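Provided below for reference: sequence and predicted model.
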Amino acid sequence: GYVGDGFTCSGNLLQVLFTFPTFTNFLSEIFTYSNTSRKGQEFMKYLTNLSIKATLFVPNNDGLRKNETLSGRDIEYHLTKNTSYYEDLVNGTTLQSKIGESLLITHQEENQEQISLTKKMTTKYVNGKAIREWDIIASNGVIHVIEASLKAPPETSALHPGAGTGIFFAIILVIGIIALVGYSYFRFKNRPIQFQLFREKDDIDVTTLDKAPSANISNPNYESSSAPQLDPPYDPFLVSDEQQLVSSDSHNDF
């Protein structure tokens, strides 16, 4: 739809793009995106929605060659969710694009000589791309012309709903393995010391046993039994002396 104030009439963002022959390459990329994906169709409808207020940064044909292609993500990166006029683009301002990624506004002062008069001009940039024309009004937003197309940052892959649980159990498993390895390490590290202490104790016990007096163990059965009487050893000289003594005693009796 078109919106006017009695003097001028402005269409929606998509209709305004059609009115500029220098935007044909960017328009061609939008139609390709719309014809090849559901998201592209939704983006096309978004540009015609009068209930939104957006800002569209459009590269002209010099900044977007025919042989250059843009992804759907790149195209949506050119659109913000709020209307920002040129005077609103303060140095250091960040604008949120439709895909959720930020666009950074920066300024740079340049000297421009005009008939012996030096005038400082400020050039505004969006993500490093100079804004060449600005404040092209649409019924649902505003368009700024930039010198080259914008490239969206790579999309961050979303985790599967069950991936969080898997990661949690994986962390628990790793912690358990580390604890087991640490326990085994300290256990085997301390084992030789314990073995040495046991050896020292064994040496002390053996030495004590070697020095201790042997104890006599009484056996009643052994003590009650009488030991066999052993005959004295035979000594021929002793027998001879006894015989001589007897013989001598006999002579004395007579």
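Yep, it's here.

Just checking: what are the partner strands of the helix or strand that contains residue 132?
Assigned by DSSP states H and E, residue 132 belongs to strand 129-138. Next to strand 129-138 in the sheet, as set by DSSP bridges, lie strand 118-126 (antiparallel), strand 141-146 (antiparallel).

Out of these, which one sits most buried?
Across the strands paired with strand 129-138, averaging neighbours per residue (mean count of other C-beta atoms under 10 Å) puts strand 141-146 on top, at a mean of 22. C-beta: built from backbone N, CA, C; applies to glycine.

contact partners of it?
With contact meaning C-beta atoms under 8 Å, 6 or more residues apart in numbering, strand 141-146 is reached by 13, 16-17, 22, 52-60, 63, 83-86, 126, 129-137.

Filter the residues you listed down to the buried ones and hand me the ChimeraX line.
Per 16 or more other C-beta atoms under 10 Å, the buried members of these correspond to this ChimeraX selection:
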select :13,16,17,52,54,55,56,57,58,59,60,63,83,84,126,129,131,134,136
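
pLDDT averaged over the strand or helix carrying residue 169 - what is it?
Following DSSP H and E, one finds residue 169 within helix 163-211. Summarised as a single mean, pLDDT over helix 163-211 is 66.

can you check stretch 43-50 too?
Stretch 43-50 comes out at a mean pLDDT of 97.

Is there a neighbour count for residue 177? I'd like the number.
By the criterion of other C-beta atoms under 10 Å, residue 177 has 10 neighbours.

One more: residue 73?
For residue 73, using other C-beta under 10 Å, the count is 18.

Give me the three-state assignment for it.
helix (DSSP: H, G, I helix; E, B strand; the rest coil).

wait, what's in contact with the spatially closest residue to it that is not a sequence neighbour?
Nearest non-adjacent residue to residue 73, counting by C-beta to C-beta, 6 or more residues apart in numbering: residue 152, 4.5 Å away. By C-beta under 8 Å, 6+ apart, residue 152 lies in contact with 71, 73-74, 76-77, 97, 99, 101.

do the same with residue 65
residue 25.

Tell me if it really is in a strand.
No. Going by three-state DSSP, the assignment for residue 65 is coil, not a strand.

Does residue 68 touch residue 149 like I think?
Yes. Between residue 68 and residue 149 there is a contact under C-beta atoms under 8 Å: 7.0 Å.

Neighbour count for those two, which is higher?
Neighbour count, other C-beta under 10 Å: between residue 68 and residue 149, residue 149 has more, with 23 against 12.

Would you mind listing where the protein has pLDDT under the threshold?
1-9, 111-119, 157-164, 189-254 (pLDDT under 70).

Who does the longest strand seen in it pair with, and is each partner parallel or antiparallel?
Longest strand in the chain, counting residues (DSSP state E): strand 102-113. Neighbouring strands of strand 102-113 in its sheet, by DSSP bridges, are strand 94-96 (antiparallel), strand 118-126 (antiparallel).

Could I get those strands in JSON lines, plus columns for distance to residue 40?
Formatted as JSON lines, the strands paired with strand 102-113 follow (distance: least, C-beta to C-beta, whole Å):
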{"stretch": "strand 94-96", "distance to residue 40": "21"}
{"stretch": "strand 118-126", "distance to residue 40": "23"}
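
residues in contact with residue 140?
12-13, 47-54.

What separation do you get for the residue nearest to residue 101 when sequence neighbours are not counted and residue 94?
Nearest non-adjacent residue to residue 101, counting by C-beta to C-beta, 6+ apart: residue 153, 5.4 Å away. For residue 153, the distance to residue 94 (C-beta to C-beta, to the nearest Å) stands at 14 Å.

Repeat that for residue 106.
11 Å.

Those two: which is more packed in?
Taking neighbours as other C-beta under 10 Å, residue 106 and residue 94 compare with residue 106 leading, 14 against 8.

so is residue 151 in a helix, a strand, or just coil?
coil.
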